[in-house]
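K.L.:
give me coordinates for this.
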Amino acid sequence: MALYFIKRILFSAPTLLGISLLCFFLVQLTPGGPVEMQMAQWRNSGVGGDVGSGRLSQVTDEQRKALIEYYGFDKPIVLRYFQWMWKLMQGNLGDSYYYDLPVLQLIKARLPVSLSFGIFSLLATYIICIPLGIWKAIRHNTPFDVISSGAVFFLYSIPSFAFGILLIVLFGGGSFWNVFPIQGLVSDNFSDLSLFNKIKDYCWHMFLPLTCYTIGSFATLTMLMKNSLIEQLRQDYVTTARAKGLPEKLVIGRHALRNAILPIANGVGQWIGLFFAGSLLIETIFGLQGIGRLSYEAIVHRDYPVVLADIMILSILTIAGNVISDFLYIVIDPRIDYR
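P.N.:
Coordinates of the predicted model:
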């Protein structure tokens, strides 16, 4: 088993190399890069100036050439790729064109927001949906099953941004109750609070966006758990266990549930990538500065270093998530043997 995971990690290197090659060349060759955007900004400003000042009434060929050198686009694209990869292997993600700050510093500042919602969303979703799916499978076609299915699918049908606006109107000081804050993760006086009040304040700010973050996953995960367990309960080994006189709780908990939860474990790895990706709409609605918003701004402003850093980190987390999913398979069912 250990050899299998070592091979998976080693084989990840060519995968990441291919992703870096493809993404770097696609990003660099996309029309309307930072040079063109900076030139357009200068033309719109209508004020004279030099390269780097952002103030030019008219961009000459010499100034355009200087701008290309300023961004390093005068070098061959292959050379730029190897220079970028060399810095990347040293942990240097480069400097942002738009923010004029190290990319690593930007990501460190934005990551706690997306990471917080990713982790708590994962915990909340699995803690609620797995027991709910099990109970629905046991009570299949009962009033509880029908009502709960209607509720989760109704919530699933509401877009997250619309649900967020609804929560703000209802509980964020809109037309009804002013119960929860709707901007940021902490209050202005957060540093002056005690430890207990800091935790309370943090949870209070997280409640509304976290609800939007998780509500869309309830239906998918709940029905997946239900259908997977129902399928296992129809298998011959379950019938045999019942024929032997085993209690129903033991039949479900020890036999059927172990196999039914395997598809659920596969989704854990996919969630890890979402930790980093964040959610642009939810971050925008609730005024949060997360990775999703940073990625969007980087794409809009053609901030290549930030875009490439986001892609590479997301790729690494996705590959790591797949390895973790394989490991969870073994934890849930030790009979699985990767060779």
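
K.L.:
can we go C-alpha only for contacts and neighbour counts from here?
P.N.:
OK.

K.L.:
where does the stretch 201-339 of the chain have low pLDDT?
P.N.:
Scanning the stretch 201-339 of the chain for pLDDT under 70 picks out 269-278, 333-339.

K.L.:
mind listing the helices for it?
P.N.:
Ranges of helices within the stretch 201-339 of the chain are 236-243, 248-250, 257-260, 262-277, 280-285, 291-300, 304-332, based on DSSP state H, counting those that start in this stretch.

K.L.:
show me the helices in the stretch 1-150 of the chain, by range?
P.N.:
2-29, 34-45, 61-71, 77-89, 103-138, 143-157.

K.L.:
count the neighbours of Y304 for me.
P.N.:
21 (other CA atoms under 10 Å).

K.L.:
wait, it touches V27, no?
P.N.:
Yes. Using CA atoms under 8 Å, Y304 is in contact with V27, at 7.0 Å.

K.L.:
compare the helices of the stretch 201-339 of the chain and give me the one nearest Y98.
P.N.:
helix 291-300 (7.7 Å; CA to CA).

K.L.:
helices or strands next to that closest one in the packing?
P.N.:
Applying 3 or more CA pairs under 8 Å, 6 or more residues apart in numbering; DSSP states H and E, we find helix 291-300 packed against helix 103-138, helix 262-277, helix 280-285, helix 304-332.

K.L.:
centre of the chain to the longest one, how far?
P.N.:
For helix 103-138, the gap between its own C-alpha mean and the chain's C-alpha mean amounts to 9 Å (CA atoms, centre = their mean, to the nearest Å).

K.L.:
let me know the average pLDDT across that helix.
P.N.:
Averaged over helix 103-138, pLDDT sits at 86.

K.L.:
coming back round to it: deepest-packed of the helices of the stretch 1-150 of the chain, please.
P.N.:
Comparing the helices of the stretch 1-150 of the chain by mean neighbour count (mean count of other CA atoms under 10 Å), helix 103-138 comes out on top with a mean of 19.

K.L.:
tell me what angle that one forms with helix 304-332.
P.N.:
If you take axes from the mean of the first three to the mean of the last three CA atoms, to 10 degrees, helix 103-138 sits at 40 degrees to helix 304-332.

K.L.:
can you list the domain ranges for the protein.
P.N.:
As assigned by automatic domain parsing, the chain contains the domains 33-92, 103-332.

K.L.:
need those domains in CSV (columns: distance to S12).
P.N.:
Listed next are the domains of the chain as CSV, based on distance: least, CA to CA, whole Å:
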stretch, distance to S12
domain 33-92, 15
domain 103-332, 7
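
K.L.:
which one of those domains lies nearest to T15?
P.N.:
Going by CA to CA, the one of the domains of the chain nearest T15 is domain 103-332, 9.0 Å.

K.L.:
still on that earlier bit, reformat the helices and strands packed on helix 291-300 as JSON lines; add distance to C203.
P.N.:
JSON lines is the format used below for those (distance: least, CA to CA, whole Å):
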{"stretch": "helix 103-138", "distance to C203": "10"}
{"stretch": "helix 262-277", "distance to C203": "18"}
{"stretch": "helix 280-285", "distance to C203": "16"}
{"stretch": "helix 304-332", "distance to C203": "26"}
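
K.L.:
so which of those comes closest to L167?
P.N.:
helix 280-285 (10.7 Å).

K.L.:
quick one on the thing from earlier: of the helices and strands packed on helix 291-300, which is nearest V35?
P.N.:
helix 304-332 (11.3 Å).

K.L.:
for that closest one, buried residues please.
P.N.:
304-312, 314-315, 317-329 (16 or more other CA atoms under 10 Å).

K.L.:
give me the angle between that helix and helix 2-29.
P.N.:
Using the same axes, to 10 degrees: helix 304-332 against helix 2-29 is 160 degrees.

K.L.:
and helix 304-332, what does it pack onto?
P.N.:
Against helix 304-332 (3+ CA pairs under 8 Å, 6+ apart) you get helix 2-29, helix 103-138, helix 262-277, helix 291-300.

K.L.:
give me the distance between it and the centre of its chain.
P.N.:
11 Å.

K.L.:
just want the angle from it to helix 291-300.
P.N.:
140 degrees.

K.L.:
for I68, find the nearest of the helices of the stretch 201-339 of the chain.
P.N.:
It's helix 304-332; of the helices of the stretch 201-339 of the chain, that one is closest to I68 (CA to CA) at 14.0 Å.
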